[in-house]
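1. Kindly generate the corresponding structure for this input.
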Amino acid sequence: MMEIKNIKDKIPAELYKIVEKDIKELRPCQVKAIKKGLLERKNILVCTPTASGKTLIAELAAISSILNGFGKAIYIVPLKALASEKFNDFKRRYGGLLKIALSIGDIDSADPYLVDYDLIITTSEKFDSLIRHHTPWLNRIGAVIVDEIHLMNDPGRGPTLEILITILKQILKNIQIIGLSATIGNPEELAGWLDARLVIDGWRPVELHKGICLGDEIEFY
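-> Below you'll find the model as predicted:
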């Protein structure tokens with residue numbers, strides 16, 4: 001394991017002051033991501049179980065991008081409810097440090113007020129709309145986090161997400177892309193397409209047991 005103090009000199013001081021209050025030791029996937037260039041702005045694709053620590057990986061990339069002057073950070077999630085949850089979490093944690101916005105409303109609006117915000121939480125459909133409305137601050141984006149990136153295989157949301165990432169890769173040559181998922185069927189292929197370094201780890205905070213339930217009895221195997 002790696003202690004949080006080991007990366008003290010690699011992230012902005014303001015960010016370190018916040019994370020070290022709650023975190024003393026980094027989880028395996030976080031250590032792997034750091035070793036693969038997370039803090040050097042490399043693209044990272046993370047495929048690890050739920051609650052294994054993926055969100056902190058996203059936070060380190062997004063907040064560092066903003067505080068180090070590389071640009072805004074966009075956090076893309078699949079659902080409005082999840083976007084609201086992330087917004088509340090980030091507002092509580094980083095609201096005193098950054099200007100954080102939630103953009104999940106009218107898909108026919110360009111939301112020009114977002115030019116003044118550092119971290120924007122949105123859905124893929126809303127972000128697609130912002131791009132189509134020629135959002136003037138698009139070239140100010142330094143990092144994009146794509147949560148539940150495995151939904152690129154979804155017949156409904158997949159094409160929109162794929163187009164978004166393709167556009168960003170084409171127009172923003174220095175952008176850092178972080179993909180997060182608990183389950184990806186073809187992680188190596190997706191990492192190659194993203195030009196990302198792959199982080200795969202099976203550690204989870206609570207050991208997973210599998211079994212069969214019949215009546216009132218469970219037989220584990």
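2. From now on I want contacts and neighbour counts done on CA atoms only, so please keep to that.
-> Will do.
3. Can you list the buried residues in the helix or strand of the chain at the bottom of the mean pLDDT ranking?
-> Lowest mean confidence among the helices and strands of the chain (mean pLDDT, DSSP states H and E): strand 217-220, at a mean of 84. Neighbour counts over strand 217-220 (16 or more other Cα atoms under 10 Å) mark no residue as buried.
4. Neighbouring strands of that strand in the sheet, and parallel or not?
-> Using DSSP bridges, strand 217-220 pairs in its sheet with strand 211-214 (antiparallel).
5. quick revisit: and for the least confident helix or strand of the chain, what's in contact with it?
-> Residues from elsewhere that reach strand 217-220, judged by Cα atoms under 8 Å, 6 or more residues apart in numbering: 209-213.
6. Can you list the buried residues in the strand or helix carrying Val19?
-> Following DSSP states H and E, one finds Val19 within helix 13-22. With burial defined by 16+ other Cα under 10 Å, the residues of helix 13-22 counted as buried are 15-16, 19.
7. can you check stretch 181-196 too?
-> The neighbour-count check on stretch 181-196 (16+ other Cα under 10 Å) flags 181-184, 187-188, 190-191, 194, 196 as buried.
8. circling back: taking the contacts of strand 217-220 together, which two end up most distant?
-> Spatial extent of these (Cα to Cα) is set by the pair His209 and Cys213 at 12.3 Å.
9. of the two, who's got more company?
-> More crowded of His209 and Cys213, by other Cα atoms under 10 Å: Cys213, with 10 against 7.
10. What segments of the protein are helices?
-> Assigned by DSSP state H, the helices in the chain fall at 13-22, 28-35, 54-67, 80-94, 124-132, 158-171, 187-194.
11. just those helices: most buried one?
-> Each of those was scored by mean neighbour count; the highest is helix 54-67, a mean of 22, by mean count of other Cα atoms under 10 Å.
12. okay, the angle between that helix and helix 13-22?
-> For helix 54-67 against helix 13-22, the angle by axes from the mean of the first three to the mean of the last three Cα atoms, to 10 degrees is 160 degrees.
13. distance of the most centrally placed residue in the chain from Leu208?
-> Of all residues in the chain, the one closest to the mean position by Cα atoms, centre = their mean is Ile145, 3.3 Å from it. Applying Cα to Cα, to the nearest Å, the value for Ile145 to Leu208 is 27 Å.
14. quick one: low-confidence parts of this structure?
-> 205-206 (pLDDT under 70).
15. can you do 90?
-> Scanning the chain for pLDDT under 90 picks out 1, 50-51, 105-113, 131-136, 152-158, 160, 171, 173, 182-186, 201-221.
16. so what's Thr160 up against?
-> Residues near Thr160 by Cα under 8 Å, 6+ apart: 124-125, 128.
17. and if we set it to 7 Å?
-> 124-125 (Cα atoms under 7 Å, 6 or more residues apart in numbering).
18. Now do it against Thr135, distance only.
-> Here Thr160 is placed at a distance of 17 Å from Thr135 (Cα to Cα).
19. Likewise for Met2?
-> 40 Å.
20. Those two - which one has more neighbours?
-> Higher neighbour count among Met2 and Thr135: Thr135, with 17 against 14, using other Cα under 10 Å.
21. Ramachandran coordinates for that one?
-> Here is the backbone geometry of Thr135 (degrees, to the nearest 10): phi -50, psi 120.
22. residues contacting the residue nearest to it when sequence neighbours are not counted?
-> Computed as Cα to Cα, 6 or more residues apart in numbering, the closest residue to Thr135 that is not its neighbour in sequence is Ala110, at 6.4 Å. Neighbouring residues of Ala110 by Cα under 7 Å, 6+ apart: 130, 133, 135.
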